[in-house]
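A.B. asks: Generate coordinates for the sequence data below:
(one chain, ligands or ions: 1)
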Amino acid sequence: MSIAKKEYKRITVKTLVDMKSNKEKISMLTAYDYTMAKIVDEAGVDVILVGDSASNVMAGHETTLPITLDQMIYHAASVVRAVQRALVVVDLPFGSYQSDPKEALRSAIRIMKESGGHAVKMEGGKEIKESIKRILNAGIPVMGHLGLTPQSIYKFGTYTVRAKEEQEAEQLKEDAIMLEKAGCFGIVLEKIPAKLAREVAESVSIPIIGIGAGDGVDGQVLVLHDMLGMTHEFNPRFLRRYMNLYEDMTLSISQYVKDVKKSDFPNKEEQY
Ligand code: KIV
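C.D. replies: Just a heads-up that it's a prediction; the model follows:
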């Protein structure tokens, strides 16, 4: 059992802010289904993100854009049923909050009511400020997401490191302060220079969770299927693989196929 698991029975948005003040690093992983979420929660992860990366990982789409609000609610409800300790944050999918603050609030309310998730995450800075405020005013905790924001992939054109140029870095710093002032409880910073991420983490009192943002932030997030090595074509520098499940699963499944073909499964003990 991790130290964090002993100390905190249930993680809330306040726990995360306390963790930052106590200089305790925050662990966050994605999950999209009941079985995986149960393992992730019992292993002591602080925050489970029902990411719109489900669009890639679960549905095989090239980008995060196609996943719908209904599909996000389905994934989030499955995760919530498994979780006893972690804070469950749910991504608002592309198209569910960009048009106007009223629609953003309607989408966030559907997530909270229909999935039982604890908070929502939204990509963007000043351009979605009014929507963030409206959702926060309804009592729904919001996590920001700056840097590489995959919902805008067609605007960027690539998944390379963001905010290397001064102008974009300055805008990102301003956006982070705006998100804190608006009332967000945390921010994900994706794929930006480590020095910039550290500066942002030091300039705000809410937790900064990095993915490809270096070691100067308050916590880390990875996509579960990537860190377990279930995916193997995606190899960014920031990704640490803790297992090679792609290989282990392929070996086990091909062994099962062989056993069935040669009538070795089931044996006498495996039948009634
Ligand atoms: O959808 C997702 O998995 C995310 C993480 C990459 C932070 O937003």
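A.B. asks: Contacts only, for the residue of the stretch 51-200 of the chain found nearest the ligand.
C.D. replies: The ligand sits closest to Gly51 of the stretch 51-200 of the chain, with a gap of 2.4 Å, by Cβ to the nearest ligand atom. All C-beta atoms are positioned from the backbone trio N, CA, C, and that covers glycine. Contact analysis of Gly51 by Cβ atoms under 8 Å, 6 or more residues apart in numbering lists 30, 32, 91, 121, 223.
A.B. asks: Out of the residues you listed, which is nearest to Ile153?
C.D. replies: Ile153 lies nearest to Asp91 out of the contacts of Gly51, by Cβ to Cβ, at 14.5 Å.
A.B. asks: Tell me how far Leu187 lies from Asn244.
C.D. replies: Quick fix: residue 187 reads Ile, not Leu. Taking Cβ to Cβ, to the nearest Å as the measure, Ile187 and Asn244 are separated by 32 Å.
A.B. asks: Equivalent analysis for Ala31, please.
C.D. replies: 20 Å.
A.B. asks: What of Ile153?
C.D. replies: With the distance defined as Cβ to Cβ, Ile153 ends up 28 Å from Asn244.
A.B. asks: and those two? which has more neighbours close in?
C.D. replies: A side-by-side neighbour count of Ile153 and Asn244, using other Cβ atoms under 10 Å, places Ile153 first with 16 against 13.
A.B. asks: secondary structure class for the most centrally placed residue in the chain?
C.D. replies: Nearest residue to the geometric centre of the chain (Cα atoms, centre = their mean): Leu49, 3.6 Å. With DSSP: H, G, I helix; E, B strand; the rest coil as the basis, Leu49 sits in strand.
A.B. asks: next SSE after the helix or strand of the chain with the lowest mean pLDDT?
C.D. replies: Least confident helix or strand of the chain, by mean pLDDT, DSSP states H and E, is helix 3-7 with a mean of 52. For helix 3-7, the following helix or strand on the C-terminal side (DSSP states H and E) is helix 13-21.
A.B. asks: Buried residues in that next one, which are they?
C.D. replies: Residues 13, 15-17, 19-20 are the ones in helix 13-21 that count as buried (16 or more other Cβ atoms under 10 Å).
A.B. asks: repeat for stretch 39-52
C.D. replies: 40-41, 44-52.
A.B. asks: How about stretch 55-75?
C.D. replies: 55-57, 64-65, 67, 69, 71-75.
A.B. asks: Pick the one among these closest to Pro193.
C.D. replies: Relative to Pro193, the closest of those is Thr64; by Cβ to Cβ it sits at 23.0 Å.
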